[in-house]
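Undergrad: A predicted structure for the sequence below; I have some questions about it.
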Amino acid sequence: MIQRIQTVWLLFVLGLAVATFMILPVVNTIDNIWSRLNWLLCFHAAIFSLIAIFRYKNRKRQLHWCYVVVGLLCAEYIQMGLSLWFVHQSFAMEYLRFTAVFPFIALVFDSMAIRAIKKDDKLVRSLDRLR
């Protein structure tokens, strides 16, 4: 499991997602609904990347869970943009912290894991052809 590079990339995604929702909040806001939604998206991204790590024997399922994590991370950026826009409309004080780049970095690591899974699957299929 750990000898595959996609596991390392997925561990980075897990670490960044946990750092985003546990340690460092992304958005300071008066409205708690946006904060809860952000926390929920980060939490699910962390859980699904952990599931993807332990699905190393079934590469198709692992790839599926990685795509789910990509969707959650993209939804988190959409949510951050919407929260800034709606809160700005109501003249509330809100600003992004430096941790707003963590989901983007996690998205890059997740895409690297997807590429490694596809490469691993291609290698296994080529070896099956040689048998």
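TA: Great, that's in hand. In this text the structure is predicted, and so the values were computed from the model without any measurement.
Undergrad: Are there helices or strands packed against the helix ranked longest in the chain, and which ones?
TA: Identified as the longest helix of the chain according to DSSP state H is helix 59-89. In terms of contacts (3 or more C-beta pairs under 8 Å, 6 or more residues apart in numbering; DSSP states H and E), helix 59-89 is packed against helix 5-18, strand 27-28, helix 32-53, helix 102-130. All C-beta spots, glycine's among them, are computed from the backbone N, C-alpha and C.
Undergrad: Would you tell me which one of the ones you listed is buried the most?
TA: Counting by mean count of other C-beta atoms under 10 Å, helix 5-18 has the highest mean neighbour count of those, with a mean of 22.
Undergrad: For it, C-alpha coordinates in PDB please.
TA: Below are the C-alpha coordinates for helix 5-18, written out as PDB (Å, rounded to 0.1, in the frame of the first residue of the first chain):
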ATOM      1  CA  ILE A   5       3.200   6.800  -5.100                       C
ATOM      2  CA  GLN A   6      -0.500   7.500  -5.200                       C
ATOM      3  CA  THR A   7      -0.700   6.600  -1.500                       C
ATOM      4  CA  VAL A   8       1.800   9.300  -0.700                       C
ATOM      5  CA  TRP A   9      -0.200  11.800  -2.800                       C
ATOM      6  CA  LEU A  10      -3.400  10.800  -1.100                       C
ATOM      7  CA  LEU A  11      -1.800  11.100   2.300                       C
ATOM      8  CA  PHE A  12      -0.800  14.700   1.400                       C
ATOM      9  CA  VAL A  13      -4.400  15.400   0.300                       C
ATOM     10  CA  LEU A  14      -5.600  13.900   3.600                       C
ATOM     11  CA  GLY A  15      -3.200  16.000   5.600                       C
ATOM     12  CA  LEU A  16      -4.200  19.200   3.900                       C
ATOM     13  CA  ALA A  17      -7.900  18.500   4.200                       C
ATOM     14  CA  VAL A  18      -7.400  17.800   7.900                       C
END
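Undergrad: That concludes my questions; thank you for your assistance.
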